[in-house]
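Engineer: What shape does this take:
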Amino acid sequence: MSCSKTSLETFELGQFIAPRIWVGLWQLSSIAWGSASAAKIRQGMARHVELGYNAFDMADHYGSAEILFGQFRETLLESTSVLGATKWCVFRQTEPSRAVVEAAVRERMTRMRTTSVDLLQFHWQDYSDKGYLSALQILQDLQHEGLISAVGLCNFDAIRTDEICTQLGPGFIVSNQVQFSLIDTRPLHGMADVCERHNVKLLTYGTLCGGFLSDKWLHKPEPDLYAGDLTPSQRKYLDVILKAWGSWALFQSLLAVLRDIGDRHRRSIANIATRWVLDHPFVGAVIIGARLGVSEHPDDNLQVFGFTLSEQDNRDIEAVLGLSNGRRMISTIGDCGAEYR
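Structural biologist: Numbers count the residues shown, from 1 in each chain. Okay, the predicted model is just below:
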């Protein structure tokens, strides 16, 4: 899998060579993000692939995302490679028998119209139920049988990621999808070491905080958390910014610093925020949500590549982060994924 059409950076993910920016399809889980026709959504996917964004992230509970992706992939020429990453999320107490696990995988295959799931990311809600180890052992068997190409985790913390990788052996778990941004730096506390030890790459979301880490919000007044024009993602991240990280005034200071850095590199605030995350060696890719057919920024996102942050850039960023509660969120919220449990 290559991205020769553009200057996208790539990384190794199991048997794949994947781009370092992925297209996130979580907006298809609800019309609250705005909606477009299936045809427009598939056209949006085609535009992204043409620019080199050939990895798409979806889930079993993201509405029709898997189905639309499967329909789209069937229209591609054989020479066009795309990576379809989806999830099996276990939110309720489940006995992970071979039949249950295989049925979940085969449902993904049916919806995505494929004979093998490229990357299956596994989420398990209740850590007190060690069934997640049994489920992953079965997923490992299914991988050996060819039903899955690669297996990753989703919103697992450092302790369980280390446990899983240790018990199931090197090379099995290739990724863990977690939140990571200038606002939420929890992966720096423990997760980074686990990733390095087991050669696991993070696939990060929330990197732009629902769009708040962008030029659009520089010099803007604090929005009403319950305003009707905020997306579900923006409500979520605004709550984090105001209650867990710091204040709107401090956030404006961060945006101002990012704007100054962006001026040095002729890049947008979003580019600088994304580059900061990608510069961490344990990060494989950033997943940027696209409201396909409604709101998407593939051209601007390409500007994430082709430059590096200087030591001065990082010092300027750290000067603001040091005034925030960001480094204490590992204690106030908990480790990666704790907010979902």
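
Engineer: Residue 339: how many residues sit nearby?
Structural biologist: 16 (other CB atoms under 10 Å). Where C-beta positions appear, they are placed from N, C-alpha and C, glycine not excepted.

Engineer: ugh, wrong one, I meant residue 277
Structural biologist: 22.

Engineer: go on, residue 180?
Structural biologist: Neighbour tally, residue 180, other CB under 10 Å: 26.

Engineer: and the gap between it and residue 109?
Structural biologist: Distance, residue 180 to residue 109, by CB to CB, to the nearest Å: 30 Å.

Engineer: And for residue 25?
Structural biologist: Distance, residue 25 to residue 109, by CB to CB: 17 Å.

Engineer: quick one: which of those two has more around it?
Structural biologist: For residue 25 versus residue 109, neighbours defined as other CB under 10 Å are more numerous around residue 25 (29 against 18).

Engineer: What residue, apart from its backbone neighbours, is nearest residue 255 spatially?
Structural biologist: Nearest residue to residue 255 in three dimensions, chain neighbours excluded: residue 218, at 4.6 Å (CB to CB, 6 or more residues apart in numbering).

Engineer: can you give me the mean pLDDT across the lengthiest helix in the chain?
Structural biologist: Counting residues, the longest helix found in the chain (DSSP state H) is helix 248-265. Across helix 248-265, the average pLDDT comes to 98.

Engineer: what do you get for stretch 44-54?
Structural biologist: So the average pLDDT for stretch 44-54 ends up being 89.

Engineer: So which bits of that stretch are buried?
Structural biologist: 44, 45, 47, 48, 49, 51, 52, 53, 54 (16 or more other CB atoms under 10 Å).

Engineer: what's the closest of these to residue 252?
Structural biologist: residue 53 (30.7 Å; CB to CB).

Engineer: which stretches of the protein aren't confidently modelled?
Structural biologist: 1-6, 26-36, 291, 293-297 (pLDDT under 70).

Engineer: circling back to that earlier point, hmm, residue 254 and the residue nearest to residue 255 touching each other?
Structural biologist: No: applying CB atoms under 8 Å as the test, residue 218 and residue 254 come out as separate, 9.9 Å apart.
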